[in-house]
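Visitor: Sequence first, predicted model second:
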Amino acid sequence: MNAIVLATDLNYLQIVAQAGLVEKGVLLLLAIASVVSWAIIFKKWLHLRKAESESAQFLETFWSSKRLDAIYQTAERLAQSPVSQVFRAGYIELSKLTQEGQGGDNKSMRELGGGIENVERALHRASTSETTHLESNVPFLGTCAAAAPFIGLFGTVWGIMNAFNEIYAMGNANLATVAQPISHALIATAMGLFAAIPAVIFYNSFNSKIRILESEMSNFSSDFLNIVKRHFFK
């Protein structure tokens, strides 16, 4: 029973205080990475949740409405939806072409500034911009997930090296003298896993959600172009 109590009654603050400079640097780096990761996770989770919700609202409005100007007003209100922002870019470009076509120069819509190609390029630029915005800060989670275990392992290896050097200097290598310093050195590995596990879980989750939103933007762009071709570029 005494052995069990001693094994579980660890004072982690004391372990950190007794650690060497390198081990402290590793633990500090991992702690900062963990805090930053959780901040990104919380912020990005709210962002993607809002983007999904508003995109669903916008698509419902788009397919149920018959007036592009009314849809545009809805798109301005649903600013967190990447699909609505793609529509706004296409609508603005289409409005410019429509105004030029009504200018009295006797030019058809197809002859004005590349016609449908201009709208297509505007949709593509908006999709790329929205995808970049959705992916912001997510690569940090991937970097943390990949690097944190190795940083923790480095801290553990360094701590074990120092522990064995101290044991060698003492000239005593029984289990009692070996177990404690090695267990303290393993704290760095545990800290690395603590930082990496949530990072890799949410990194994969966020990328999956972003790919779905990216697919929705692509599908919407194709549908919007078909509608524009039928009604404006006959």
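Guide: That came through, no problem. Residues are numbered from 1 along each chain as shown.

Visitor: where along this structure do the helices fall?
Guide: With DSSP state H as the criterion, the chain has helices at 2-8, 12-18, 21-64, 68-77, 82-101, 116-135, 138-170, 175-232.

Visitor: Redo the ones you listed as JSON lines? Include mean pLDDT and mean neighbour count.
Guide: In this view, the C-beta of every residue, glycine as well, is placed from N, C-alpha and C. Below are the helices of the chain laid out as JSON lines (pLDDT from 0 to 100; neighbours: other CB atoms under 10 Å):
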{"stretch": "helix 2-8", "mean pLDDT": "45", "mean neighbour count": "8"}
{"stretch": "helix 12-18", "mean pLDDT": "60", "mean neighbour count": "12"}
{"stretch": "helix 21-64", "mean pLDDT": "92", "mean neighbour count": "17"}
{"stretch": "helix 68-77", "mean pLDDT": "89", "mean neighbour count": "15"}
{"stretch": "helix 82-101", "mean pLDDT": "86", "mean neighbour count": "20"}
{"stretch": "helix 116-135", "mean pLDDT": "91", "mean neighbour count": "17"}
{"stretch": "helix 138-170", "mean pLDDT": "86", "mean neighbour count": "17"}
{"stretch": "helix 175-232", "mean pLDDT": "87", "mean neighbour count": "17"}
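
Visitor: which residues does L225 contact?
Guide: Residues in contact with L225 (CB atoms under 8 Å, 6 or more residues apart in numbering) are G90, I116, V119, E120, L123.

Visitor: Adding distance to S34, write these out as TSV.
Guide: Output for the contacts of L225, formatted as TSV (distance: CB to CB, whole Å):
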residue	distance to S34
G90	42
I116	50
V119	46
E120	44
L123	39
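
Visitor: with those residues in mind, which one is nearest to H47?
Guide: Checking the contacts of L225 against H47 with CB to CB, the nearest one is L123 at 22.0 Å.

Visitor: Please give me every residue in contact with the nearest residue to Y203 once chain neighbours are set aside.
Guide: Residue nearest to Y203 in three dimensions, not counting chain neighbours: L141, with 4.0 Å by CB to CB, 6 or more residues apart in numbering. Applying CB under 8 Å, 6+ apart, we find L141 in contact with S37, I40, I41, A199, V200, F202, Y203, F206.
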